[in-house]
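Undergrad: any chance you could fold what I've pasted below:
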Amino acid sequence: MNRITAVAKLHFVNLWTVLWVPGIILAIILAMNLAIWWLILSAVSDTTNQADVREGFGYSGAVFYIFVHMMVVAVQAFNLTFPFALGYGVTRRHFYLGSMLAFALLSAFWAVVMTVLSLIEQATDGWGLGGAMFSSIYFGDGAWWQRLFLFFVTFLFFFYIGAGVATLYVRWKAKGLLAFFALLAAALVGGFALIVRTDSWSAVGDWFVTNGTYGVAAWALVPAALAALAGYFVLQRATPRN
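TA: Residues are numbered from 1 along each chain as shown. Okay, the predicted model is just below:
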C-alpha cells in the first residue's frame with residue numbers, strides 16, 4: 001500500500017496540471033459567461049422576455065471543459081509519468097493502482113469544488129443574473145449530495161476512460177489507438193443501426209426518463225470500471241518508449 005500511495009503522490013507533484021490550470025481556466029470561463037449574460041439581459045427590457053432568457057441560460061454547457069481536461073490529465077499521466085516511475089523501480093501493478101487512487105482523489109476534490117460552486121450559484125440567483133453554469137439543467141435539480149455524486153461519477157468516468165485509452169497507446173502506440181477507435185466507431189454505428197431497424201428510439205428515451213439524471217450517471221460507472229479493468233491488463237505488458 002505504501003508503494004501505491006507513493007505513486008498517487010507522484011501525480012500531485014505538479015499541481016499546475018491538476019489544480020491551478022483547470023481552476024484558472026474555469027474562472028475565466030465563468031467571467032466570460034457573466035459578461036455574456038449581462039450583455040444579453042441589458043439588451044432585453046421586457047420582463048417576460050427576460051424570464052425566457054434566464055430560462056435559456058440553464059442550458060449552458062460551458063463547465064464541461066473541465067471534464068475533458070481531466071481526461072487529458074489521465075492520458076498524460078500514462079504517457080509521461082509511466083516511464084519515469086518504472087525508472088525508479090515501480091512495478092506496473094503499483095503504478096496502475098496508484099494512478100487509479102490519484103484519479104479517484106482528484107474526482108472527489110473537484111466534485112466538492114463543483115458542488116460548492118453550484119450551491120453558491122443557486123443561492124445568488126445565478127450570480128445575480130439568473131445564469132446557470134454549475135447548476136445547469138444537465139446536472140439535475142436534486143439535493144446537494146445527489147449533485148456531488150453526479151460530479152464525482154462524471155469526473156471518474158473521464159479519468160478512467162482517459163487512462164484506459166492511454167494504456168492502449170503505451171502498449172501498441174498509434175496502431176492500437178487506430179484499431180480501438182475503428183472498433184468503437186463500428187460499435188456505435190452498429191448500435192444506432194440496431195435502434196433504427198428495431199424502431200427502439202422510444203425505448204431509449206423511456207430508459208433515460210426512467211433512470212433520470214442521477215441514474216444515468218450511476219450507469220456511467222459501468223464503462224468506467226470496464227475501462228479501468230481493461231487498462232490494468234493492457235499495462236502489464238506495456239513497454240515504455242521515450
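Undergrad: hey, let's count contacts and neighbours off CA atoms from now on
TA: Noted.
Undergrad: can you give me the helices in the chain?
TA: Listed in chain order, the helices of the chain (DSSP state H) span 2-10, 15, 21-42, 47-57, 65-76, 82-87, 92-123, 144-197, 201-219, 221-235.
Undergrad: what about stretch 223-231, average pLDDT?
TA: Summarised as a single mean, pLDDT over stretch 223-231 is 95.
Undergrad: next, the buried residues of it.
TA: Ala224, Ala225, Ala227, Ala228, Ala230, Gly231 (16 or more other CA atoms under 10 Å).
Undergrad: try stretch 129-146
TA: Under the neighbour-count criterion of 16+ other CA under 10 Å, stretch 129-146 has Leu129, Gly130, Gly131, Ala132, Met133, Phe134, Ser135, Ser136, Ile137, Phe139, Gln146 buried.
Undergrad: excluding sequence neighbours, find me the nearest residue to the third one.
TA: The shortest distance from Gly131 to any residue that is not its chain neighbour, by CA to CA, 6 or more residues apart in numbering, is 5.2 Å, and that residue is Phe57.
Undergrad: my read is that the one you found contacts Leu129, right?
TA: No - in this structure Phe57 lies outside contact range of Leu129 using CA atoms under 8 Å: 9.4 Å.
Undergrad: what touches both of the two?
TA: Trp37 (CA atoms under 8 Å, 6 or more residues apart in numbering).
Undergrad: for this structure, what helix or strand is lowest in average pLDDT?
TA: Within the chain, confidence by mean pLDDT, DSSP states H and E is lowest for helix 47-57 among all helices and strands, at a mean of 82.
Undergrad: any low-confidence regions in the chain?
TA: Residues of the chain meeting the criterion pLDDT under 70: 241-242.
Undergrad: so who does the residue nearest the centre of it touch?
TA: Centroid-nearest residue in the chain, with CA atoms, centre = their mean: Phe67, separated by 3.2 Å. By CA under 8 Å, 6+ apart, the contact list for Phe67 reads Thr154, Phe155, Phe158.
Undergrad: who wins for neighbours among those?
TA: Within those, most neighbours by other CA atoms under 10 Å means Phe155, with 26 neighbours.
Undergrad: identify the residues contacting the nearest residue to it once chain neighbours are set aside.
TA: In space, not counting the residues next to it along the chain, Phe155 is nearest to Ser107; the distance is 5.1 Å by CA to CA, 6+ apart. The contact partners of Ser107, taken as CA under 8 Å, 6+ apart, are Phe151, Phe152, Val153, Phe155, Leu156.
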